[in-house]
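Visitor: how would this look folded up:
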Amino acid sequence: MVVAELLILVLVVQLILTFFILKEVRAVKWQLGHVLSFLHDIKKLLSKSTANVLVRTYVIGDQTFISTTGDPMPLQMTDVQSVSASIGEVDAAGNPVPVDPSNLPVWAVSDPSILVLTSNPDGTATIKAAGPLGAAQVSVTAGGLNAQDTITVVASAATALTINFGTPA
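Guide: Residues are numbered from 1 along each chain as shown. Got it, this is the predicted structure:
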C-alpha cells in the first residue's frame, strides 16, 4: 500500500511540474512571436532601402513596446505615465551599427509643460507626462545624427467625481 501511495505522489508531482513547464513554454512562445513580428517589420523597412530607420523601445509600467520608423501611430501615453527611450543607429544600407558610447545623445522636448524629460547617464531618456493633455515632440541628436518623434498625452482613467452646479434661478 505504501508503494502505491508513493507512486501516486510521484505521478502527481510530475503532473504539477509538467503543468508549470508547459506554462513557461507558452510564455516563451508568446514572447518569441512578438520578437519575430518585430524582426519582420524591420525586414520590411530595410527592404525599402530606408536609410533612416529608428528603433524605439518604450517601457510603460511592466510592459515593453518596440516600434520602428514607419509605424503609423505615434506614441500615446496617459497623463500619469512615463516612458523610457533609447536610440539605435543604422548605416546607409539599413544595417544596424553599434552606437558609439562616446557620442552621448542630447535629448529635448518641444513643450516642457506637456512632457518632462530626464537624460540618463547611460544615454537613454525618461520622459514623464507633466500633467496637461496634448502632444509634444521628442528630439535626439548624437554624433551628427538626429531623430524626432511625437508623444501624445491623453487622459488617464477617472479617479474622482466632481459636481457641476448650474446657474441658480
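
Visitor: going forward, measure contacts between C-alpha atoms and count neighbours the same way
Guide: Fine.

Visitor: From Ala125, how far off is Thr78?
Guide: Using CA to CA, to the nearest Å, Thr78 is found at 18 Å from Ala125.

Visitor: who's more crowded, these two?
Guide: Neighbours of Thr78 and Ala125, each counted by other CA atoms under 10 Å, are more numerous for Ala125; the result is 21 against 17.

Visitor: can you pull the contacts of the nearest residue to the more buried one once chain neighbours are set aside?
Guide: Leaving aside its chain neighbours, Ala125 sits nearest to Ser119 (4.5 Å; criterion: CA to CA, 6 or more residues apart in numbering). Under the criterion of CA atoms under 8 Å, 6 or more residues apart in numbering, the contact list for Ser119 reads Val106, Trp107, Ala125, Thr126.

Visitor: From Trp107, how far off is Ser119?
Guide: According to CA to CA, Ser119 and Trp107 sit 7 Å apart.

Visitor: Now do the SS call for Ile16.
Guide: helix (DSSP: H, G, I helix; E, B strand; the rest coil).

Visitor: What ranges does this structure have for its strands?
Guide: Assignment of strands within the chain using DSSP state E yields the ranges 55-60, 63-68, 75-78, 82-85, 89-90, 96-97, 106-109, 115-119, 125-129, 134-142, 145-154.

Visitor: Next, count neighbours for Ile161.
Guide: Careful, residue 161 is Leu and not Ile. Counted with other CA under 10 Å, residues neighbouring Leu161 total 6.

Visitor: next one: Leu145
Guide: Neighbours of Leu145 using other CA under 10 Å come to 10.

Visitor: Next: the one 3 residues further on.
Guide: Taking other CA under 10 Å as the neighbour definition, Gln148 ends up with a count of 13.

Visitor: just Gly131 next, same as before
Guide: Neighbourhood size, Gly131 [other CA under 10 Å]: 17.

Visitor: Just the pLDDT at it, thanks.
Guide: In this model, Gly131 is scored at 87, pLDDT.

Visitor: Select, out of the strands of the chain, the one closest to Leu11.
Guide: Checking those against Leu11 by CA to CA gives strand 63-68 as the closest, at 36.8 Å.
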